[in-house]
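Student: Build me a structure from this.
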Amino acid sequence: MFTGIIAAIGKVAKIEPQNGDWKVTIHTGKLDMSDVQLGDSIAANGICLTAISLSENSYVADVSGETLKVTTAGDWTVGTEVNLEKALRLQDRLGGHLVSGHVDGVGVVKAITQDGRSWRYDIEVPLELAKYIAAKGSICINGISLTVNQVKGCVFDVNIVPHTRQETTIKHLQAGTRINLEVDLLARYLERMMSAPQAPEKTNITSRFLAENGFK
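Tutor: Numbering: from 1, shown residues only. Modelled structure (predicted):
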């Protein structure tokens, strides 16, 4: 689990194709790697990746073919900057919202406009994800926990304050850029609860009851 609070900007240092998937080396920038162990999770642009090799300032992770297909990882090249966050510890502050690192889909930046000292980003999402996004709810964009301003159909917008713009890769986004999206976990579970098959109601009508009342 993660919080969507970005700790550092990393950079893709090496990509090794591996029979349909990739092995990726990511330089970790200012991310503190002193407490990271093999097998730990580090989110890169909101994608939970398992560290299979470590150094003082980098880690190596396998990126499956499925991940390449359903996220923007397939767009990465050597030099691509990525938002990094280490996995949440129970004693950590939950500064953003609960994020799993499992990308739900890919959205597209439609427009970016100046809004006072911040920037307003209009994001278009796939139709199947739009129902999970609510005004003033939480959304994760490239690993960044953000609050939704408003929703109109399949388009929502968020405001990016100067600090977030400076400390994450969101400053590089342009109209047309594809982004990783993870919707709020609570919305996912609520939908499942509402749509799950219901247990049949208990009844006192049995085959014996029917026989005794003339039904054969």
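Student: For residue 55, give me its contacts.
Tutor: residue 33 (CB atoms under 8 Å, 6 or more residues apart in numbering). Every residue, glycine included, has its C-beta placed from N, CA and C.
Student: let's see 7 Å
Tutor: Shown in contact with residue 55 (CB atoms under 7 Å, 6 or more residues apart in numbering): no residues.
Student: Next: the one 10 residues further on.
Tutor: Residues touching residue 65, when contacts are defined by CB under 7 Å, 6+ apart, comprise 20, 21.
Student: okay, it: pLDDT?
Tutor: On the pLDDT scale, residue 65 is placed at 96.
Student: How many neighbouring residues does residue 154 have?
Tutor: Residues lying near residue 154 (other CB atoms under 10 Å) number 17.
Student: Map the structural domains onto the sequence of the protein.
Tutor: As recorded under automatic domain parsing, the domains making up the chain are 8-86, 105-195.
Student: what's the closest of the ones you listed to residue 96?
Tutor: Closest to residue 96 of the domains of the chain is domain 105-195 (CB to CB; 2.8 Å).
Student: I'd like the distance between the nearest residue to residue 130 once chain neighbours are set aside and residue 107.
Tutor: Spatially, and ignoring its direct neighbours in sequence, residue 130 is nearest to residue 154 (4.6 Å; CB to CB, 6 or more residues apart in numbering). Separation of residue 154 from residue 107 (CB to CB, to the nearest Å) stands at 9 Å.
Student: Next, show the common contact partners of those two.
Tutor: 124, 125.
Student: Buried by neighbour count: which residues of stretch 78-88 qualify?
Tutor: In terms of neighbour count (16 or more other CB atoms under 10 Å), stretch 78-88 has its buried residues at 80, 81, 82, 83, 84, 85, 86, 88.
Student: oh sorry, the question was meant for stretch 2-21
Tutor: 2-13, 15.
Student: quick one, what contacts residue 5?
Tutor: So residue 5 contacts 85, 95, 96, 145 (CB under 7 Å, 6+ apart).
Student: one more time with 10 Å
Tutor: 83, 85, 88, 92-97, 99, 143-145, 164, 167-168 (CB atoms under 10 Å, 6 or more residues apart in numbering).
Student: Which strand residues bridge the residue nearest in space to the middle of the chain?
Tutor: When CA atoms, centre = their mean is applied to the chain, the residue found nearest the centroid is residue 182 (3.3 Å). Beta bridges link residue 182 to residue 140, judged by DSSP bridges.
Student: That one and residue 96 touch, don't they?
Tutor: No. Counting by CB atoms under 10 Å, residue 182 does not reach residue 96; the two are 11.3 Å apart.
Student: Pull the contacting residues for the residue nearest to residue 130.
Tutor: 107, 110, 123, 124, 125, 126, 127, 128, 129, 130, 131, 133 are the contacts of residue 154 under CB under 10 Å, 6+ apart.
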